[in-house]
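J.: Using only what follows, build the 3D model:
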Amino acid sequence: MTMEPPTPPSDASAVGLRPKSVGLGGDWIVSITNVAPTAATTLTFGALIGAAGLGAPLALIIAGASMLCCAVAYHRLNRWEASAAGPVRWVSHGLSPVIGFAVGIMVLMTALTSNIGNITLLGSTVLSLVAPSQESNKPLTFVVAVLVCAIVAAIAVRGVRATVKFQGWIVLCEYVIIGSLAVWGLITELTSHAAGITHPTWAWFTSTNAPGGFTGILAGAVIATFLLGGWDAPIYLGDEQNKPKDPGRSVLISITFCTLWVVMLFVCLEGLAPASAITAHASNVLPYLGGRLTGKWFVDLIALAVISSFATTTQSQIVDGSRMMFGMARERVLPKSLREVHPNWRTPIAGLIIMAVIPVVALALYLLSSSLQTTIIYIDSTGGLLFAGYYIVIALFSIWYYRSIVFRDLKEFLLGLVLPLVGAGVLSFVIFKSIPGTSGVVLVLAVCLFLVGIPLALLSKYITKAPFFWIKREQYHDDGTGEPVAPADAII
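T.: Here you go, the predicted structure:
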């Protein structure tokens, strides 16, 4: 007996997100603000130097190249369909609705865990600049973090255009400051003979200067993978594009840019101080290195750039999560309220509020209870593993979906098979290498968050009876039209 899919309910009054709100340039801004090279570099510079030494640029190139290979898969799949819930629809139509639902939950978990980390650092970082004596004031830390989060969320409510405009001006100022630091640092490395200054050499792109040789480089690549995660942000703006192909194009541009930018930062800055001094100042390494070049005024500018980077990446994660919720609710697998949009700005209000409130609640728990601080830190630490995890899933799925044509010619062989497979393979190896140095609690939590979408999908299928769960499987066939073909009898 064959189970028939339920009839889709009528929803003629449904209003979607505002189309033609963002183009390729806006996608690029959204992507690099989600990666947040300034904030991510500040957080990981010391750890990366500790692991890979002066060979950190090579570790960054390995991580960036593997993510670029995965981005090729995103680019190809986005050409198939651009949507707010792009990965959910890709995997659902090409493999299984249950797994597709689980991928969507994985994206949401990654955005939330990343923002929990951002928000727990935001308040104290702001206070360290404007009121250093109050940096340990917990109530004030909470108020400042909530205020910044409320501002960026309020801008996001007004739509992608307002968000991109805000982020664009922030990025311009931020990159001018950090670019100036990099140029100044490189000149100092090349010309200064002061104690502790190291002149850059091509050996920095080998394992020669890494503790433990290539083992140290691999350890650095683990950290670099977490540093560069988040470039997929434009994919979730698929409904709001001027051109549907732009998100896929932008992820290729953005991960390439972010990799080169961060490599440049390390080359220009890692020689300004001994590795021991850099690791000792790991919590505020960019301001520390700026202080070795000049006075407090420049250090404050660098701190302002770091704060700006935290603020915009917080906003970007809020936007991404709200679009994923909207896209899944449109499939009727999440509550109806998540697909309702503001009547004027056409933004998913409920999703934006949820994505903004949960990290704030986590911050309150973090500040109120010392016993919960470790738990929050564990949650934050899972973000990088989840990033790598769903990049691997999408890269492997792309190979599966285009399997009928990957041996057609050299181009398809490289783009459809080799590059995604290399990207997924390197990231899988990175995760494997990170296991010995990762807390067991973090690993268990990461696995649970990675897999929690499966039981949630089955629960949603039971409760909602949504037509989504009866999607027919599609396989790409090169029939001359470039469109996928869904066999009529392939009902999941």
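J.: average pLDDT across stretch 456-476?
T.: Mean pLDDT, stretch 456-476: 92.
J.: In that stretch, which residues are buried?
T.: Buried residues in stretch 456-476, defined by neighbour count with 16 or more other CB atoms under 10 Å: 456-457, 460-461, 464, 466-469, 471, 473-476. For every residue, glycine as well, the C-beta is placed using N, CA and C.
J.: Sitting in strands, which of the residues you listed do you find?
T.: Under the assignment DSSP state E, these contribute nothing to strands.
J.: Just the ones in helices from these, please.
T.: 456-457, 460-461, 464 (DSSP state H).
J.: Please identify which of the buried residues of stretch 456-476 is nearest to D409.
T.: Of all the buried residues of stretch 456-476, Y476 has the smallest distance to D409: 14.8 Å, by CB to CB.
J.: The closest one reaches I405, doesn't it?
T.: Yes: Y476 lies in contact with I405 (CB atoms under 8 Å); the separation is 6.6 Å.
J.: ok so, going back, of all the ones in helices among the buried residues of stretch 456-476, which comes closest to G53?
T.: Nearest to G53, judged by CB to CB, of those is L456 at 42.9 Å.
J.: could you pull out the strands for the stretch 251-400 of the chain?
T.: Applying DSSP state E, counting those that start in this stretch to the stretch 251-400 of the chain gives no strands.
J.: and the ones in helices among the buried residues of stretch 456-476 as CSV, adding distance to S83?
T.: Below are these laid out as CSV (distance: CB to CB, whole Å):
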residue, distance to S83
L456, 20
A457, 18
S460, 18
K461, 20
T464, 19
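J.: Pick out the most distant pair among these.
T.: Within those, L456 and T464 form the most distant pair, 11.4 Å apart (CB to CB).
J.: What is the helix or strand in which T42 is found packed up against?
T.: According to DSSP states H and E, T42 maps onto helix 37-52. For helix 37-52, the contact count by 3 or more CB pairs under 8 Å, 6 or more residues apart in numbering; DSSP states H and E identifies helix 56-80, helix 214-228, helix 246-269, helix 275-280, helix 285-291, helix 296-330 as packing neighbours.
J.: angle of that helix against helix 56-80?
T.: With axes from the mean of the first three to the mean of the last three CA atoms, to 10 degrees defining the directions, helix 37-52 sits at 130 degrees from helix 56-80.
J.: what mean pLDDT would you report for helix 37-52?
T.: pLDDT averaged over helix 37-52 gives 90.
J.: Adding distance to T188, write the buried residues of stretch 456-476 out as a markdown table.
T.: A markdown table is the format used below for these (distance: CB to CB, whole Å):
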| residue | distance to T188 |
| --- | --- |
| L456 | 53 |
| A457 | 54 |
| S460 | 57 |
| K461 | 60 |
| T464 | 61 |
| A466 | 60 |
| P467 | 62 |
| F468 | 57 |
| F469 | 60 |
| I471 | 58 |
| R473 | 59 |
| E474 | 56 |
| Q475 | 57 |
| Y476 | 53 |
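J.: Check whether R89 really touches A82, as I assumed.
T.: No: in this structure, R89 is not within contact of A82 by CB under 8 Å, at 9.6 Å.
J.: Who has more neighbours out of these two?
T.: Each of R89 and A82 has its neighbours counted (other CB atoms under 10 Å); R89 has more, 26 against 22.
J.: Now that one: closest residue in space that isn't a chain neighbour?
T.: In this structure, R89 finds its nearest non-sequential neighbour in S83, 5.2 Å apart by CB to CB, 6 or more residues apart in numbering.
J.: secondary structure class for the one you found?
T.: coil (DSSP: H, G, I helix; E, B strand; the rest coil).
J.: burial count for it?
T.: 22.
J.: got a list of what it touches?
T.: 89, 238-239, 327 (CB atoms under 8 Å, 6 or more residues apart in numbering).
J.: Do me a favour and get the backbone dihedrals for V341.
T.: phi -120, psi 160 (degrees, to the nearest 10).
J.: my read: C70 touches V393, true?
T.: No: contact between C70 and V393 fails when scored by CB under 8 Å: they sit 9.8 Å apart.
J.: between the two, who's got more neighbours?
T.: Remark: of C70 and V393, C70 carries more neighbours, 29 against 21, as counted by other CB under 10 Å.
J.: how deep is the residue lying closest to that one once chain neighbours are set aside tucked in, by neighbour count?
T.: Closest residue in space to C70, ignoring its immediate chain neighbours: G423 at 3.8 Å, by CB to CB, 6+ apart. By other CB under 10 Å, 25 other residues sit near G423.
J.: And G423, its phi and psi?
T.: Dihedral angles phi and psi of G423 (degrees, to the nearest 10) take the values phi -60, psi -50.
J.: How about the contacts made by it?
T.: Counting by CB under 8 Å, 6+ apart, G423 makes contact with 66-73, 391-392, 395.
J.: likewise L140?
T.: 123, 127, 131, 134.
J.: Which one of those residues is nearest to A273?
T.: L127 (25.1 Å).
J.: ok, how many other residues are close to the closest residue to the closest one other than its chain neighbours?
T.: Once flanking residues are discounted, L127 sits nearest to E135: 4.7 Å by CB to CB, 6+ apart. A count of nearby residues for E135, using other CB under 10 Å, gives 16.
J.: Then the one 10 residues further on?
T.: A145 is flanked by 27 other residues according to other CB under 10 Å.
J.: what's the helix or strand for it?
T.: Per DSSP H and E: A145 is located in helix 138-157.
J.: hey, C-alpha coordinates of that helix in PDB?
T.: Extracted in PDB, the C-alpha atoms of helix 138-157 (Å, rounded to 0.1, in the frame of the first residue of the first chain):
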ATOM      1  CA  LYS A 138      28.500  42.200  34.700                       C
ATOM      2  CA  PRO A 139      25.200  44.200  34.600                       C
ATOM      3  CA  LEU A 140      26.800  46.900  32.500                       C
ATOM      4  CA  THR A 141      28.300  44.200  30.200                       C
ATOM      5  CA  PHE A 142      24.900  42.700  29.700                       C
ATOM      6  CA  VAL A 143      23.300  46.100  29.000                       C
ATOM      7  CA  VAL A 144      25.900  47.100  26.400                       C
ATOM      8  CA  ALA A 145      25.700  43.700  24.600                       C
ATOM      9  CA  VAL A 146      21.900  43.900  24.500                       C
ATOM     10  CA  LEU A 147      22.000  47.400  23.300                       C
ATOM     11  CA  VAL A 148      24.300  46.600  20.400                       C
ATOM     12  CA  CYS A 149      22.300  43.400  19.600                       C
ATOM     13  CA  ALA A 150      19.100  45.400  19.600                       C
ATOM     14  CA  ILE A 151      20.500  48.000  17.200                       C
ATOM     15  CA  VAL A 152      21.800  45.600  14.600                       C
ATOM     16  CA  ALA A 153      18.600  43.500  14.900                       C
ATOM     17  CA  ALA A 154      16.500  46.700  14.400                       C
ATOM     18  CA  ILE A 155      18.400  47.500  11.200                       C
ATOM     19  CA  ALA A 156      18.000  43.900  10.000                       C
ATOM     20  CA  VAL A 157      14.200  44.300  10.500                       C
END
